[in-house]
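Enquirer: Starting from these lines, generate the structure:
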Amino acid sequence: MSPEDSQENSTENGNERPNESQGSQEATYVPSVDYGAGRRSITTRGGTSRRQMVEEKRQRQLKSRPFIVVAALVLIGLLAIPVYAYFQIYVFPPRELALRVADTEYTRGDVVNFIRFNQRMSEDLGVPFEVGNSLFDALLTLQENELAFQLAPQYGISVSPDEVDDRVDSILGFVAVTVAERQFREYQDNIEEARRQFIHRIGMDEEVFREFIRKSMFKERLRAVVADQVDRVQVQVRLYEVILFSRDSEIERAMERDLKGGDPVEEVALRYSNDPNVQRNGGDRGWFPFGVSPELDSLLFGLDADGNRLLPIRTPSEARHDETTETYSYVIVDEVSDAREVDEANLDALTTRAMTIFLNKERGNFDLYMVLDSDIFDWVNNQIRLSTILPTPTPVPFGQQFGGLSQLDQ
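Expert: The predicted structure follows:
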């Protein structure tokens with residue numbers, strides 16, 4: 001082999017050896033690059049390969065992952081607090097069940113809508129809306145309306161959409177005298193504008209308050225059915241009332257003495273009563289059948305063991321104290337009629353009583369549920385107060401109103 005072939009061979013093996021022909025010349029060493037088969041890179045940095053760098057980065061990410069998870073959970077928790085509060089205040093309470101009649105359910109939101117509807121109607125008439133008993137009254141009215149609606153088919157009662165339209169128009173103050181007036185374009189435009197403004201004031205869909213009106217009409221018509229069962233001719237008593245600012249035994253004896261002496265009851269009332277209306281009505285409260293004044297029924301119509309009246313005719317009753325007005329009331333029966341026609345005011349009171357008895361009896365045939373606790377009371381009343389326009393009425397000072405039976409004086 002020639003020297004050229006030997007040198008070429010040594011170069012192909014990647015090692016340069018000093019040629020013998022160079023004699024004493026110093027040999028030059030070129031280090032070889034050692035890398036494994038299949039490596040994608042032979043780049044080194046600070047003694048660390050790229051693969052090692054990737055692995056170290058992955059390890060750091062694994063170590064930091066728990067901290068990232070904890071931070072994310074803390075952030076979610078902080079965000080969940082206002083979201084939970086929002087749902088607890090604005091979303092969940094209006095959807096909670098407040099009333100159920102058979103399969104029909106009313107939520108707290110439904111009760112608030114019903115109260116607001118009646119609130120707006122009162123305020124449109126300039127009458128302050130009393131929030132105090134609104135929840136109980138609303139629940140009771142909704143229940144009775146729903147009972148009447150579900151009982152209506154048994155009594156052939158129905159309400160058409162046109163009748164509901166007429167009732168809505170009357171609530172808004174529109175009553176068409178003739179069909180032509182109703183069809184007049186300007187009349188229709190005025191109704192639509194009034195309805196739009198009313199919907200805006202009460203803040204609910206038209207279908208919602210139309211349903212309230214529709215079911216109240218079912219109750220009205222069921223009431224008319226019950227009224228037909230009330231006797232128009234009944235036993236009645238002619239009643240007078242004497243009101244005193246303070247109890248005085250001398251005046252009590254004087255009234256009893258004058259009545260036994262034959263003085264007319266009206267004159268006795270004019271003589272002793274402190275009622276400011278006595279000069280106008282002479283203390284006469286009119287004729288009363290049984291059931292109009294439940295708190296007095298046993299006294300006015302009751303009999304003792306011997307069949308005698310508990311309150312004899314033309315005899316003052318025991319004093320009845322009215323804590324509201326701090327007055328004392330004495331009632332006197334002047335006459336008794338075994339068969340007298342009931343007047344309209346008393347007939348209405350008797351119908352209300354009969355309707356109450358009828359509904360109480362029917363309640364036993366329905367699955368009923370009503371929520372009336374401090375939580376729903378506070379929540380509903382707070383919602384109503386937020387939308388109250390007129391101020392809450394203040395108590396009337398003493399002297400401007402009187403108790404006893406004066407509320408029955410029509």
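Enquirer: Just give me the neighbour total for Phe212.
Expert: Phe212 has 18 neighbours, counted by other CB atoms under 10 Å. Where you see a C-beta, it was placed from the backbone N, CA and C, and this is true even at glycine.
Enquirer: Same check on Asp205?
Expert: 11.
Enquirer: which residues does it contact?
Expert: Counting by CB atoms under 8 Å, 6 or more residues apart in numbering, Asp205 touches Ile199.
Enquirer: how close does it get to Ile313?
Expert: 59 Å (CB to CB, to the nearest Å).
Enquirer: ditto for Arg195
Expert: Arg195 sits 57 Å away from Ile313 when distances are taken as CB to CB.
Enquirer: Settle it for me: which of those two has more neighbours?
Expert: Taking other CB under 10 Å, Arg195 and Ile313 do not tie; Arg195 has more neighbours (17 against 14).
Enquirer: For the more buried one, what is the enclosing helix or strand?
Expert: Element membership of Arg195 [criterion: DSSP states H and E] is helix 185-202.
Enquirer: Can you give the distance of that helix from its chain's centre?
Expert: Relative to its chain's centre, helix 185-202 lies at 26 Å (CA atoms, centre = their mean, to the nearest Å).
Enquirer: For the helix or strand that it is followed by, buried residues please.
Expert: In the C-terminal direction, the helix or strand that comes right after helix 185-202 (DSSP H and E) is helix 206-227. By 16 or more other CB atoms under 10 Å, the buried positions in helix 206-227 come out as 209, 211-219, 221-223, 225-227.
Enquirer: just stretch 344-351 next, same as before
Expert: Using 16+ other CB under 10 Å as the test for burial, stretch 344-351 gives 346-347, 349-351.
Enquirer: And the contacts of it?
Expert: Applying CB under 8 Å, 6+ apart, the contact partners of stretch 344-351 are 223, 226-227, 230, 232, 287-289, 291-292, 342, 410.
Enquirer: Stretch 214-221 now?
Expert: 141, 144-146, 148-149, 152, 157, 159, 163-164, 167.
Enquirer: ok, 6 Å please
Expert: 144-145, 148-149, 152, 157, 159, 164 (CB atoms under 6 Å, 6 or more residues apart in numbering).
Enquirer: Most neighbours out of those, which is it?
Expert: Of all the contacts of stretch 214-221, Ala148 has the most neighbours under the rule other CB under 10 Å, reaching 25 neighbours.
Enquirer: In the stretch 51-200 of the chain, what residue spans correspond to helices?
Expert: For the stretch 51-200 of the chain, helices defined by DSSP state H, counting those that start in this stretch occupy the ranges 92-95, 108-124, 134-151, 161-171, 179-183, 185-202.
Enquirer: quick one: which of the ones you listed is nearest Phe377?
Expert: Closest to Phe377 of the helices of the stretch 51-200 of the chain, according to CB to CB: helix 134-151, at 5.5 Å.
Enquirer: What is that closest one packed up against?
Expert: strand 97-101, helix 108-124, helix 206-227 (3 or more CB pairs under 6 Å, 6 or more residues apart in numbering; DSSP states H and E).
Enquirer: In the sheet, which strands lie alongside the first one, parallel or antiparallel?
Expert: Paired strands of strand 97-101, with direction, are strand 104-107 (antiparallel), strand 368-370 (antiparallel) (DSSP bridges).
Enquirer: Distance to Ser329, mean neighbour count and mean pLDDT for these - can I get that in CSV?
Expert: Listed next are the strands paired with strand 97-101 as CSV, based on distance: least, CB to CB, whole Å; neighbours: other CB atoms under 10 Å; pLDDT from 0 to 100:
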stretch, distance to Ser329, mean neighbour count, mean pLDDT
strand 104-107, 40, 16, 94
strand 368-370, 35, 15, 94
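Enquirer: what's the distance between Gln234 and Ala72?
Expert: Using CB to CB, one gets 79 Å for the distance from Gln234 to Ala72.
Enquirer: quick one: which of these two has more around it?
Expert: The residue with more neighbours, out of Gln234 and Ala72, is Gln234; 21 against 10, by other CB under 10 Å.
Enquirer: Let me know the secondary structure of that one.
Expert: When classified by DSSP: H, G, I helix; E, B strand; the rest coil, Gln234 comes out as strand.
Enquirer: Report pLDDT for it.
Expert: pLDDT for Gln234: 96.
Enquirer: Same check on Arg214?
Expert: Model confidence at Arg214 (pLDDT) stands at 96.
Enquirer: buried sites along the helix holding Arg195?
Expert: 191, 194-195, 198, 201-202.
Enquirer: quick check: domain ranges of this structure?
Expert: Per automatic domain parsing, the structural domains of the chain span 51-94, 97-229+359-408, 234-341.
Enquirer: mind listing the helices in the stretch 301-410 of the chain by residue range?
Expert: For the stretch 301-410 of the chain, applying DSSP H, counting those that start in this stretch gives helices covering 344-363, 374-386.
Enquirer: and Glu256, which of the helices and strands packed on helix 134-151 is closest to it?
Expert: From those, taking CB to CB, the stretch that ends up closest is helix 206-227, at 40.0 Å.
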